[in-house]
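Student: quick one, structure for this:
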Amino acid sequence: MKQKAGSSVTVKDIAREADVSVGTVSRVFNNHSNVTDEIRERVLRAAARLGYTRAVGQRGAGRGDSSALKEIGFLYCSYLDTNAATNNPFWSHILDGVENTARQLNMKVTYRAIGELTSDPDALLETISKMKLGGILLVGPAEPETVQQIQRLNIPLVLVDNHVTGISVDSVLCDNFEGARAAVEYLIEEGHKEIAFIGGPVLPGPRPRNRIYTLERRAAGYRAALLDAGIPVDYALFEESELHPDSAYAACKRLLERGVHFTALFGANDNVAIGAMKALREAGLRVPEDVSLIGFDDIDMVEHLTPALTTVHIDKEAMGNVAVRRLQDRSMEPNMTAITCIVAVKLVKRDSVRSCKQ
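Tutor: Numbers count the residues shown, from 1 in each chain. Coordinates of the predicted model:
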């Protein structure tokens, strides 16, 4: 059947395409339990083929409110972190923003971690299909293969704190590049030239490249600030970590054991800075008297450290808000061009940086 514009597709069209009755289509769209999985999948695929994506999996789609998202999924996916996002000082605030906005829009939010399912595409798609979601927020550094697998479901999708080059999908991120550049420029303004960087896992190659897109943008901001100031990038001052304090502690110890000299260290996130602070102290180095330290994210605890950590603040609740509203727009206009939304950040100067100007 020739595909129509999404707004002109009717329940009769979908019934004809799926070779079922109009009543069956209505039961599928209203999530009735008296429909087999095989029939439900046939109807949803027919709806997607005809451009009726905005109605897929939503309650009430057969009653004239097909543009309204009723239930969305907050699907957390990270190969680095097996803990729940609800307990994480970064992701939990994004979830708060999602839930607050969803409440205003009369949406239900369903949370699930899906990291353990990514190695089994069939199980992943079956699990998400059974959730009967009207839209998906895929949160965290999901691999490109996982994003493509989820796109096969033809459910409106927005990536949160992730971007996948070469795949047409909406995404919401903070301004990782400019935040990192501002942090390192501040260190340079305070007289620092030997600035170490601890990032995330790196890809093999002639120079360290972070595997996670957002962290590579932070690394790019770090490099840009140095180069703009006429300071060459010294990869001997780079280390990788798994982004939690214990791993960053070990990464900082490796830097110190190599004997490379640095007067400041920029951590790819606050947990990295926390781990580095412990390693520096154990080595007899004081923060900030001997080594200045900056993090990224501004999680709740860092202003209570001694010294209070200078960091880049992300409005995490705003990221959740923007993601929900972008998902709503995507559900209403499924064929619009994919958009990347960038949320502004700001440098928060506290007590972990000292001036070493001559």
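
Student: quick one, domains of this protein?
Tutor: 6-51, 71-174+316-343, 176-315 (automatic domain parsing).

Student: would you tell me which of those domains gets closest to residue 354?
Tutor: Minimum separation from residue 354 across the domains of the chain (CB to CB) falls at domain 176-315, 4.0 Å. Just so you know, the C-beta spots here come from the backbone N, C-alpha and C atoms, and that holds for glycine as well.

Student: still on that earlier bit, wait, which of the domains of the chain is closest to residue 358?
Tutor: domain 176-315 (6.9 Å).

Student: what about residue 191, how many residues close to it?
Tutor: For residue 191, the neighbour count with other CB atoms under 10 Å is 14.

Student: please name the nearest non-neighbouring residue to it.
Tutor: residue 357 (3.8 Å; CB to CB, 6 or more residues apart in numbering).

Student: wasn't the one you found part of a strand?
Tutor: No. Counting by DSSP: H, G, I helix; E, B strand; the rest coil, residue 357 falls outside a strand, being coil.

Student: thought it was touching residue 188?
Tutor: No. Residue 357 lies out of contact with residue 188 (CB atoms under 8 Å); the separation is 10.6 Å.

Student: these two: who's more crowded?
Tutor: residue 188 (18 against 8).

Student: surely that one is in a strand?
Tutor: No. Looking at residue 188 with three-state DSSP, it is helix, so not inside a strand.

Student: show me what the helix or strand bottoming out on mean pLDDT in the chain is packed against.
Tutor: Counting by mean pLDDT, DSSP states H and E, the chain has its least confident helix or strand at helix 22-29, which shows a mean of 76. Contact here means 3 or more CB pairs under 8 Å, 6 or more residues apart in numbering; DSSP states H and E; on that basis helix 22-29 packs against helix 11-18, helix 37-49.

Student: the stretch 251-358 of the chain: strands as residue ranges?
Tutor: 264-267, 292-294, 311-314, 340-343, 345-348 (DSSP state E, counting those that start in this stretch).

Student: all the helices of the stretch 151-300 of the chain, residue numbers only.
Tutor: 176-189, 213-228, 245-258, 270-282 (DSSP state H, counting those that start in this stretch).

Student: mind checking those helices for the one nearest to residue 41?
Tutor: Closest among those, using CB to CB: helix 213-228, at 32.0 Å.

Student: list the buried ones in that closest one?
Tutor: 213-226 (16 or more other CB atoms under 10 Å).

Student: same question for stretch 110-124.
Tutor: Those would be 111-115, 117-118, 124, for stretch 110-124 by 16+ other CB under 10 Å.

Student: now the terminal residues of that stretch, how far apart.
Tutor: From its first residue to its last, stretch 110-124 covers 16 Å (CA to CA, to the nearest Å).

Student: show the contacting residues for residue 322.
Tutor: 172, 341, 343 (CB atoms under 8 Å, 6 or more residues apart in numbering).

Student: surely the first one touches residue 157?
Tutor: No. Applying CB under 8 Å, one finds residue 172 not in contact with residue 157, separated by 11.7 Å.

Student: neighbour count: those two, which is higher?
Tutor: residue 172 (28 against 22).

Student: give the contact list for that one.
Tutor: 158-161, 319, 322-323, 326, 340-341, 343.

Student: need these in CSV (columns: pLDDT).
Tutor: Output for the contacts of residue 172, formatted as CSV (pLDDT from 0 to 100):
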residue, pLDDT
158, 98
159, 98
160, 98
161, 97
319, 98
322, 97
323, 97
326, 96
340, 97
341, 97
343, 97
